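**Student:** Sequence plus predicted model, see below.
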Amino acid sequence: MAKQLEKKHPLAIRWLHWISFPLLTLMIWSGILIYWANAIYGVKIFGYELFHFFPAWFYEIYKIDFWGFKIPDYLPAWSYEWSSIPFRLAEGLQLHFFFMWFFAVNGLIYVLYLIFSGEWRSILPVPGSLKRAALVTLHDLHVVKKLPAQGKYNDAQRIAYTGVILMGAASVITGLAIYKPLQLAWLTWLLGGYEWARWEHFWLMILFVLFFVVHVAQVALADWSNFRSMITGYEAVDAKAKIPESSLNEKQGAAV
Amino acid sequence: MSEQEKSGAKIESEVLIEKVREIELAKAENAETKATDKNNTSEILNERRQLSAPLSDDEARKIMGRRSRRSFLIGGAAAIAGIFGYSWLRKPENSWIFERGFRFNETLSQTTFEKTDLAPEFSPELASVRANGDIGLTGEFDAAAWRLQIVGAANQTGELFLTLDDIKSLPRVEMTTELKCIEGWSVICNWTGARFSDFAAKYAPPANTKYVSLVTPDGGYYVGWDMPSILHPQTLLAYEMNGAPLTAIHGAPLRLATATKYGIKQIKRIGRIEYTNERPADYWAERGYDWYSGH
């Protein structure tokens, strides 16, 4: 069957996407180093703590003794550092307040690019997206067979990708409120005060981690050519007999 | 009408009917596409696809192979460069880069810092207590013999030592603010003392002095302050906390209390105050923390 090459991801989007990955990882990692200096959050229901960030086993994992075999004996030297994670506040602050600039600027360029390139059309949800996103979810869970009509991304993706941009913006805003609670006292106040802003900043991180898990799982479940398109920009699709002329953008047609 | 004419008309009408059927069918198809489109976000937002001309499987594979090689090579090189760059950045001898980072943030902070920016104040009933840190407080200490040494005041001749009463003779100010620890916790505290700005009006630094150094009597703990932050109206030389004189662990007889910086900057048991243009040594800055640590 004949193929067509579809240009899915512009160069700028690909770079910004991949740069955001190590930056977000660093922000989360350094944020956790900071959090460990005062690790107070958990999931509580009626005063009973179901889960604490992070549970004791998390810290003990490197000290586990299996009938004389200790995990650290078989791990590289750097892993020993990991067992001292609760005492690396200064390092966490250094990284966090250094890479925050790169994270914020990368995110800002990404948003500006979306706006000016028209790529926003591919990721913005509209009324009705929620319903179709639910159908997509049911499809992915193998409850229903049919996928709703979609463009480059389905409606669940639209909601997720727009959501993750909003999460990035919210992380910057809540972060600023914690960072400069005097100079930006109005912002800290708007977010419910210093302690609430810190709580919000923490839960945004958890949301980022959840997004990451689902995102990677979905990419792993999708085919290779989908993943490859985020690197090359192109995906080979089956040429359809009926491609509506109107949907072919001659000017920006994929250069081959 | 002849037979021939009749049959001709019949044929014509059949052709017409067929045409109508075709049109109807096309209409129906259009209606179907329309219906789907209405339900497709990409159509609503007028999203465009960018497709090449049809290619044979072989051609497509070749082009994608070429593109993949190129992109994966560039991407791989970028990833490796990133890993090397990061491990270079994390070398102990390159920690100055992060210090420069802190300095950059400090400069930016200072350009927008206004004395009129005030931290929120709370009702004194909300005040509570949390003690943390006894560095510089562990040695022998005779409160009765305590004096506050001033160094570098304008027109200062010889040594200058102040008593607590000298500080108490300055306007008495009370504030209930949130003390924020760099570890992440915070606690609302009620402080009473003299504004540092009032202190600096009486024991004035030379014009354009940049910094203030504050040290415990034993020299065990020391902090450096920038002038704008220490002259902020919410920076006090405090001698009372939560309505009672300071206890030893909270920094008796005199400590800094501020809403402008983290707790690490709010030195307890001040022994010496020095005006200087040299960036003063700072206990925690020497241990990798932000020298400025300002809100």
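**Tutor:** Thanks, I have it. Keep in mind the model is a prediction, meaning the values are calculated, not measured.

**Student:** Could I get the full set of helices for chain B?
**Tutor:** B:3-38, B:41-44, B:57-89, B:96-112, B:164-168, B:196-202, B:227-230 (DSSP state H).

**Student:** Residue 112: neighbour count?
**Tutor:** Answering for chain A, as no chain was given. 11 (other C-beta atoms under 10 Å in any protein chain shown). C-beta coordinates here come from the backbone N, C-alpha and C atoms, glycine included.

**Student:** nope, chain B please
**Tutor:** 10.

**Student:** How much space separates it from chain A?
**Tutor:** Distance from residue B:112 to chain A, counting by C-beta to the nearest C-beta, to the nearest Å: 6 Å.

**Student:** Skipping its backbone neighbours, what lies nearest that residue in space?
**Tutor:** Nearest residue to residue B:112 in three dimensions, chain neighbours excluded: residue A:183, at 6.2 Å (C-beta to C-beta, 6 or more residues apart in numbering or on different chains).

**Student:** do the same with residue B:290
**Tutor:** Using C-beta to C-beta, 6+ apart, the closest residue to residue B:290 is residue B:102 (4.5 Å).

**Student:** Remind me which helix or strand the residue in chain A that chain B sits nearest to belongs to.
**Tutor:** Scanning chain A for the residue nearest chain B gives residue A:151, at 2.3 Å (criterion: C-beta to the nearest C-beta). Following DSSP states H and E, there is no helix or strand that holds residue A:151.

**Student:** mind checking how far it is from residue B:46?
**Tutor:** Distance, residue A:151 to residue B:46, using C-beta to C-beta, to the nearest Å: 10 Å.

**Student:** shared neighbours of these two, anything?
**Tutor:** Counting by C-beta atoms under 8 Å, 6 or more residues apart in numbering or on different chains, the residues touching both residue A:151 and residue B:46 are residue A:121.

**Student:** thinking again about what came up before, my guess is the residue nearest to residue B:112 meets residue B:261, correct?
**Tutor:** No: Residue A:183 is beyond contact range of residue B:261, at 11.9 Å (criterion: C-beta atoms under 8 Å).

**Student:** out of these two, which sits in the more crowded spot?
**Tutor:** Each of residue A:183 and residue B:261 has its neighbours counted (other C-beta under 10 Å); residue B:261 has more, 24 against 19.

**Student:** tell me the contacts of residue B:140?
**Tutor:** With C-beta under 8 Å, 6+ apart, residue B:140 has no contacts at all.

**Student:** Got the confidence number for it?
**Tutor:** We have a pLDDT of 87 for residue B:140.

**Student:** quick one: low-confidence ranges for the stretch 1-150 of chain A?
**Tutor:** A:1, A:55-87 (pLDDT under 70).

**Student:** Contact distance from chain B - what residues of it qualify?
**Tutor:** A:1-7, A:18, A:22, A:34-35, A:37-38, A:40, A:89-91, A:93-95, A:97-98, A:118, A:120-122, A:124-126, A:128-129, A:132, A:148-150 (C-beta under 8 Å from any C-beta of the partner chain).

**Student:** Give me the subset of the residues you listed lying in helices.
**Tutor:** A:18, A:22, A:34-35, A:89-91, A:93-95, A:97-98, A:120-122, A:129, A:132.

**Student:** Now residue A:235: phi and psi?
**Tutor:** phi -140, psi 130 (degrees, to the nearest 10).

**Student:** Bridged to it, which residues?
**Tutor:** residue A:6 (DSSP bridges).

**Student:** ok, the nearest residue to residue A:237 once chain neighbours are set aside - contacts?
**Tutor:** Spatial nearest neighbour of residue A:237, excluding adjacent residues (C-beta to C-beta, 6+ apart): residue A:6 at 5.1 Å. Counting by C-beta under 8 Å, 6+ apart, residue A:6 makes contact with A:234, A:235, A:236, A:237, A:254, B:49, B:50, B:51, B:52.

**Student:** returning to what we had before: which one's more surrounded, residue A:151 and residue B:46?
**Tutor:** Of the pair residue A:151 and residue B:46, residue A:151 is the one with more neighbours under other C-beta under 10 Å, namely 22 against 11.

**Student:** Looks like that one contacts residue B:49 (just checking).
**Tutor:** Yes: with contact defined as C-beta under 8 Å, residue A:151 reaches residue B:49; the gap is 7.5 Å.

**Student:** And the helices in the stretch 101-250 of chain A?
**Tutor:** A:120-123, A:129-140, A:155-179, A:185-190, A:194-221, A:224-232 (DSSP state H, counting those that start in this stretch).

**Student:** Quick one: those as CSV, columns for distance to residue B:146 and mean neighbour count too.
**Tutor:** Listed next are those as CSV, based on distance: least, C-beta to C-beta, whole Å; neighbours: other C-beta atoms under 10 Å in any protein chain shown:
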stretch, distance to residue B:146, mean neighbour count
helix A:120-123, 65, 20
helix A:129-140, 67, 17
helix A:155-179, 36, 20
helix A:185-190, 35, 16
helix A:194-221, 34, 16
helix A:224-232, 66, 17
